[in-house]
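[1] Fold the following for me, if possible:
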Amino acid sequence: MKYICVFGSSSESIDRRYMAVAEELGAFLAKKNCGVVYGAGKYGIMGAVSRGVMAEKGELFGVSPDFFIDLDVLNRDYGELVLTPTMRERKAIMEDKADAFIICAGGIGTLEEFFEVITLKQLGRHDKPIIILNTLGFYDSMIDMMEQSVAQRFMSEKVHRLYSVADTIDEMWDQLENYKAFGYNKYRD
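    Next up is the predicted model:
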C-alpha cells in the first residue's frame with residue numbers, strides 16, 4: 001500500500017488518548033513507508049496523525065478546501081498540500097489517491113467520509129480496504145447500528161465484509177496486509 005487515507009476528528013477537546021493513538025498511527029505508517037493522505041488539518045486526530053508522520057520524516061499528502069485557509073486550521077509546514085474549491089472535490093482527490101482507508105474516531109465529517117467510501121465500495125466504485133480503528137470502543141454503537149440495519153433488512157449482511165474493525169494499530173496493519181477484495185453487488189447479492 002503506497003498511500004493510506006486517514007479520516008479523523010479535527011477537535012482539540014477530545015480525550016488525549018485518542019490523540020496519542022493517532023500520533024502513534026502516523027508514526028507507524030511512516031515507518032512502514034506508507035504515505036498518509038489526510039484532510040490537512042493541524043488539530044485533533046488529523047493533526048496528531050500528521051505529527052506522527054512528521055516525526056518519522058514520512059510522506060504527507062494533505063487535501064483541503066481553500067476556505068479553510070482563512071480559518072488557520074491547516075498544517076502548511078510539512079508535506080504536499082492540495083487546495084480544492086469544495087469539500088466534494090477534496091474527498092474525491094483523497095479517495096482517488098488512497099490505496100486504503102483508516103477510520104479513526106471523529107464527528108460528523110469523519111462519519112460522512114466513512115459512509116461515502118463504504119457506499120462507493122458497495123456500488124463497485126473501488127475495492128480498497130476500509131478499516132475502522134475502534135480506539136477505546138469509540139465505534140461500538142455505530143457498529144451496533146449497522147447490525148440493526150442488517151437485522152431489519154435495510155442492508156445485506158454481506159455489507160459487513162466491505163469493512164473491518166481493528167482495536168489496535170497492529171490489528172489494523174494485519175488486516176491491511178491480509179486484505180482480500182470482496183466483490184459485492186448491492187442489486188444482485
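[2] Kindly provide the distance from residue 5 to residue 188.
    Distance, residue 5 to residue 188, by Cβ to Cβ, to the nearest Å: 28 Å. C-beta: built from backbone N, CA, C; applies to glycine.
[3] neighbour-wise, which of those two wins?
    residue 5 (26 against 5; other Cβ atoms under 10 Å).
[4] Following the one helix or strand that one maps to in sequence, what is the next regular element?
    Assessed by DSSP states H and E, residue 5 sits inside strand 3-7. From strand 3-7 onward toward the C-terminus, using DSSP H and E, the following helix or strand is helix 16-31.
[5] Show me what the mean pLDDT comes to for that following helix.
    Averaging pLDDT along helix 16-31 gives 98.
[6] where in the protein is pLDDT low?
    189 (pLDDT under 70).
[7] And the helices in it?
    16-31, 44-55, 87-97, 108-122, 140-151, 169-177 (DSSP state H).
[8] List the beta-bridge partners for residue 132.
    Per DSSP bridges, the residues bridged to residue 132 are residue 103, residue 165.
[9] how deep is it tucked in, by neighbour count?
    23.
[10] again, but for residue 145
    Neighbours of residue 145 (other Cβ under 10 Å): 10.
[11] Would you mind measuring from it to residue 152?
    11 Å.
[12] residues contacting the residue lying closest to residue 161 once chain neighbours are set aside?
    Of all residues not flanking residue 161 in the chain, residue 182 sits nearest, at 4.6 Å (Cβ to Cβ, 6 or more residues apart in numbering). Residue 182 makes contact with 127, 158, 161, 162 under the criterion Cβ atoms under 8 Å, 6 or more residues apart in numbering.
[13] I would like the residues contacting stretch 151-162, please.
    Taking Cβ under 8 Å, 6+ apart as the rule, stretch 151-162 contacts 118, 121, 122, 130, 146, 149, 150, 182, 184, 186, 189.
[14] now that stretch, how far from the centre of its chain.
    21 Å (Cα atoms, centre = their mean, to the nearest Å).
[15] Next: stretch 83-98.
    13 Å.
[16] Check which residues of it are buried.
    Using 16 or more other Cβ atoms under 10 Å as the test for burial, stretch 83-98 gives 83, 84, 87, 90, 91, 93, 94, 95, 98.
[17] ditto for stretch 26-46
    26-30, 34-46.
[18] How far does that stretch stretch from one end to the other?
    This stretch, stretch 26-46, spans 9 Å end to end (Cα to Cα, to the nearest Å).
[19] same question, stretch 142-159
    Start and end residues of stretch 142-159 are separated by 14 Å (Cα to Cα).
[20] ditto for stretch 174-188
    OK, stretch 174-188 end separation, Cα to Cα: 30 Å.
[21] how about that stretch: buried residues?
    175, 176, 179, 184.
[22] now that stretch: how far from the chain's centre is it?
    For stretch 174-188 - counting by Cα atoms, centre = their mean - the centre lies 17 Å from the chain centre.
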